[in-house]
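1. Sharing a model prediction with you, sequence too.
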Amino acid sequence: SLDSLQPSLFSKLTRRPESYFDRVWDSIEQATSTYQHQLKTKINCVVMPDNQNELSEFAMLTHSHPNLDIRFIEYMPFNDNSWDTNQFISYQNMQDILNSSSSPYQLHRLSDGPNDTTKWWSYRSSSSENNNNKTGRIGFITSMTSHFCSTCNRLRITADGQLKVCLFGSTEISLRDILRSPSGERLLPKVVHAAVQRKHYKLGGHQDMNDISNHSSENRPMTLIGG
């Protein structure tokens, strides 16, 4: 995760010293150079008013680092993260910024996988001579304004052994306790299957981002859920 390319703003957002930015960036450089022919490196960036003016700079990293994918994430409400609509930048807003008429580069839609949680694009010039250049991808995680719940197959297990079938749902099932029971290994597949079958149609049973925010105290902070 990297939410700013400016050390001062990085420090503000992470509550860490500015010097830590260099550590993060050095790690990204090492990953992209060491595995450039084998693996993609992904950077997740939560977009807010403070960093929205950096979107183009982030997007251009897919040109200087062709095996780098940038994923822009809509700010999501969680327990204790002080979410409000004034801090929210939508998928459409992000696209408008990147497709600004002052930029020679525009977003071009790519295909997504059947269970992708990311909408993938490329960021390139419309001139034909640049279209064959290899670049990384630009992705948008649009949980709040264009959810993908009907095709999402993600499950999360927390550090204390709780299964969450949806990031925004407060329901948890203790796989730890089941595994510690005498018949735990036999029961485990059935419990996981039942949990998935009871999953809400969208957003953990909430109507929209404001409804999630109103009930955020019922869920864990993101730091206790894990990525």
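-> Sure thing, it's come through. Residues are numbered from 1 along each chain as shown.
2. Low-confidence ranges, this structure, go.
-> 127-133, 227 (pLDDT under 70).
3. run the last query once more with 90
-> Within the chain, the set of residues satisfying pLDDT under 90 comprises 33-40, 80-82, 100-104, 125-134, 223, 226-227.
4. Spatially central, which residue of it would that be?
-> Ile73 (4.9 Å; C-alpha atoms, centre = their mean).
5. Next, the contact list for it, please.
-> 44-47, 140-141, 143 (C-beta atoms under 8 Å, 6 or more residues apart in numbering). In short, each C-beta sits where N, CA and C put it, glycine included.
6. Tell me if it really is in a helix.
-> No - assessed with DSSP: H, G, I helix; E, B strand; the rest coil, Ile73 is strand; it does not lie in a helix.
7. What ranges does this protein have for its strands?
-> Secondary structure of the chain by DSSP state E: the strands cover 41-47, 68-74, 105-109, 119-125, 138-141, 156-157, 162-164, 173-174.
8. now the contacts of Ile73 as CSV including neighbour count and distance to Ser125?
-> Supplementary listing: the contacts of Ile73 in CSV, determined by neighbours: other C-beta atoms under 10 Å; distance: C-beta to C-beta, whole Å:
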residue, neighbour count, distance to Ser125
Asn44, 16, 26
Cys45, 21, 22
Val46, 19, 27
Val47, 25, 23
Phe140, 23, 20
Ile141, 21, 25
Ser143, 21, 30
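9. If we only consider these, which is nearest to Asn81?
-> Val46 (9.9 Å; C-beta to C-beta).
10. can you tell me how far that closest one sits from Ser111?
-> 25 Å (C-beta to C-beta, to the nearest Å).
11. cool, and Phe10?
-> Taken as C-beta to C-beta, the span from Phe10 to Ser111 is 33 Å.
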